[in-house]
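In: sequence? don't have it. structure:
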Ligand code: ADP
């Protein structure tokens with residue numbers, strides 16, 4: 001299967017598994033949350049039950065103990081002796097702290113060490129836990145928390161009064177109410193690590209997915225570029241080879257051999273085509289050298305103006321053939337740079353060559369220079385076909401060529417500008433492009449001056 005077909009398959013498969021795993025994880029966490037809540041309620045009931053049993057069993061312990069009132073508790077004077085002798089209720093026998101301690105112990109026992117709770121013991125049998133009764137015992141925030149029914153969970157446990165031999169009770173039944181405020185938060189807190197882990201690893205997978213897709217897209221683009229390059233190169237070499245072959249055939253012709261003018265014409269063609277192929281091989285070589293970072297800069301003091309003038313002169317014939325012209329405004333006061341002569345010449349030649357290649361009628365190439373305290377600035381302007389913003393962003397990439405209809409008849413490998421940029425940067429310089437489609441293009445080079 002080719003990259004083209006396998007790519008969407010991988011994309012769909014990974015997307016599906018990602019969505020699936022996220023869905024399963026959410027479901028799993030929700031179920032776990034529910035279970036934890038149930039478990040929590042169960043534990044709370046256990047703890048409450050434990051305390052309730054303790055309280056009830058202590059009440060029915062020997063009379064002497066039963067009768068002991070909590071310190072500082074005085075029953076209002078009562079005319080009836082029977083009432084004087086009455087067995088105290090649980091609320092009367094214990095302080096808030098006593099029961100709080102018992103609750104805490106029970107909570108620790110069932111493994112709810114840090115859970116907050118509020119409680120009440122009310123001696124109002126059958127009444128709602130909210131009804132205030134004189135003999136009620138309440139922890140400090142009990143009333144506030146029991147009212148907040150959406151976030152709390154409460155357990156109501158009856159504390160049945162002991163029965164007499166005749167089956168009646170002298171005491172009212174009591175209720176032990178325990179409230180845990182914000183119990184959902186408490187449960188969520190327990191699952192914090194799990195949830196954070198699930199979210200974290202999901203993000204890791206999404207990030208890995210993103211990187212993979214990106215790499216695949218880049219790979220695909222690269223293989224397209226390589227194909228383009230090979231097609232381009234084949235085309236570029238086929239034409240001169242065919243021309244040379246024709247010229248050689250012509251030279252073998254008896255008539256041509258005898259006609260000196262004609263044979264010179266054909267050898268001239270062969271020489272020209274040879275030069276062209278040489279130049280192309282040179283370009284490709286340059287690029288592959290850049291790839292391996294093997295270029296050695298052979299830097300020396302140069303006068304940039306001289307090189308610009310020479311380079312421009314070499315294009316005069318081509319310009320005349322096209323009916324174009326050039327203007328040089330070499331205004332820089334200082335034009336001495338510390339550069340590699342061959343590479344610097346190549347840079348200027350490449351930029352002028354592009355200006356000629358991507359031109360329209362009435363071509364005008366304008367080269368201007370000026371110097372700043374530290375840099376030499378060279379502007380190479382043309383009034384050619386120009387390029388879009390997207391193209392401008394990518395022209396310095398290796399093998400990039402704008403694919404606009406009529407552009408295909410202009411030959412090139414898309415290597416020139418990536419070479420220019422690499423060399424300029426190797427000289428600690430900068431290059432930028434400004435262009436308008438249909439208007440023209442301006443390349444601005446900035447190179448450090450050799451200051452001595
Ligand atoms: P090549 O000229 O071999 O295609 P380059 O790297 O020199 O490769 O240029 C890359 C692309 O930038 C060209 O294919 C062209 O689309 C665009 N380009 C470069 N110079 C100009 C210019 N002066 N005017 C318009 N487009 C240009």
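Out: Cool, got the structure. Because the structure is predicted, anything quoted here is derived from the model rather than measured.

In: ok, now which ones touch whichever residue of the chain sits closest to the ligand?
Out: Nearest to the ligand in the chain, going by Cβ to the nearest ligand atom, is residue 412, at a distance of 2.2 Å. Using the backbone N, CA and C atoms, a C-beta is placed for each residue, glycine as well. By Cβ atoms under 8 Å, 6 or more residues apart in numbering, the contact list for residue 412 reads 232, 357, 401.

In: Hmm, residue 415 and the last one touching each other?
Out: Okay, so that is residue 401. No - look at residue 401 against residue 415 with Cβ atoms under 8 Å: they stay out of range, at 9.5 Å.

In: about what we covered before: for residue 319, state which of the contacts of residue 412 is nearest.
Out: residue 357 (12.2 Å; Cβ to Cβ).

In: Surely that closest one touches residue 414?
Out: No - using Cβ under 8 Å, residue 357 makes no contact with residue 414, being 12.0 Å away.

In: okay, those two: which has more neighbours?
Out: residue 414 (19 against 16; other Cβ atoms under 10 Å).

In: So the more buried one lies in a strand, does it not?
Out: No - judged by DSSP: H, G, I helix; E, B strand; the rest coil, residue 414 forms no part of a strand; its state is coil.

In: before we move on, the earlier item: which ones among the contacts of residue 412 also lie next to the ligand?
Out: Contacts with the ligand are made by 357, 401 out of the contacts of residue 412, judged by Cβ under 6 Å from any ligand atom.

In: Kindly reformat the contacts of residue 412 as CSV containing distance to residue 44.
Out: Output for the contacts of residue 412, formatted as CSV (distance: Cβ to Cβ, whole Å):
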residue, distance to residue 44
232, 77
357, 83
401, 73
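
In: Which of the contacts of residue 412 fall within strands?
Out: Taking DSSP state E, every one of the contacts of residue 412 sits outside strands.

In: Among the contacts of residue 412, which are located in helices?
Out: 232, 357 (DSSP state H).

In: ok, of the contacts of residue 412, which one's closest to residue 448?
Out: For the contacts of residue 412, the minimum distance to residue 448 (Cβ to Cβ) is 29.1 Å, reached by residue 357.

In: Now do the same contact list for that closest one.
Out: Applying Cβ under 8 Å, 6+ apart, the residues contacting residue 357 are 410-412.

In: One more: residue 111?
Out: By Cβ under 8 Å, 6+ apart, the residues touching residue 111 are residue 43.

In: Please apply the same query to residue 222.
Out: Per Cβ under 8 Å, 6+ apart, neighbours of residue 222: none.

In: Look up how far residue 421 lies from it.
Out: Between residue 222 and residue 421 the computed distance is 19 Å (Cβ to Cβ, to the nearest Å).

In: Same question for residue 414.
Out: Applying Cβ to Cβ, the value for residue 414 to residue 421 is 13 Å.

In: How about residue 155?
Out: 75 Å.

In: just to revisit the earlier point, rebuild the contacts of residue 412 as CSV, extending it with distance to residue 261 and pLDDT.
Out: Shown next, in CSV, are those (distance: Cβ to Cβ, whole Å; pLDDT from 0 to 100):
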residue, distance to residue 261, pLDDT
232, 36, 78
357, 32, 90
401, 40, 82
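
In: Identify the residue spatially nearest to residue 276, adjacent ones excluded.
Out: For residue 276, ignoring the flanking residues on the chain, the nearest one in space by Cβ to Cβ, 6 or more residues apart in numbering is residue 240 at 5.5 Å.

In: Need the per-residue pLDDT for that neighbour.
Out: For residue 240, the model assigns a pLDDT of 84.

In: helix, strand or coil for it?
Out: Reduced to three states by three-state DSSP, residue 240 is helix.

In: One more: residue 361?
Out: Classified using three-state DSSP, residue 361 is coil.

In: any idea how this protein splits into domains?
Out: Listed domain ranges for the chain are 3-190, 193-291, 299-448 (source: automatic domain parsing).

In: Could you pull out the helices in the stretch 51-200 of the chain for me?
Out: 63-66, 81-84, 90-93, 96-109, 142-147, 183-190, 192-252 (DSSP state H, counting those that start in this stretch).

In: what about residue 188, neighbour count?
Out: Count around residue 188 with other Cβ under 10 Å applied: 14.

In: Touching, it and residue 33? I think so.
Out: Yes - counting by Cβ under 8 Å, residue 33 is a contact partner of residue 188 at 7.2 Å.

In: per-residue pLDDT, residue 447?
Out: Residue 447 is given a pLDDT of 96.

In: Please, where are all the strands along the protein?
Out: Counting by DSSP E, the strands of the chain are 118-122, 137-138, 153-159, 174-180, 299-303, 325-330, 336-340, 364-371, 375-382, 430-436, 440-448.

In: check whether the last one contacts the ligand.
Out: Okay, so that is strand 440-448. Yes - residues of strand 440-448 contacting the ligand under Cβ under 6 Å from any ligand atom: residue 441.

In: any idea of the angle that strand forms with strand 430-436?
Out: 170 degrees (axes from the mean of the first three to the mean of the last three Cα atoms, to 10 degrees).

In: neighbouring contacts of strand 440-448?
Out: With Cβ under 8 Å, 6+ apart, strand 440-448 has contacts from 304, 337-339, 347, 351, 354-355, 358, 374-384, 386-387, 424, 427-435.

In: Please consider this matter closed, and thank you.
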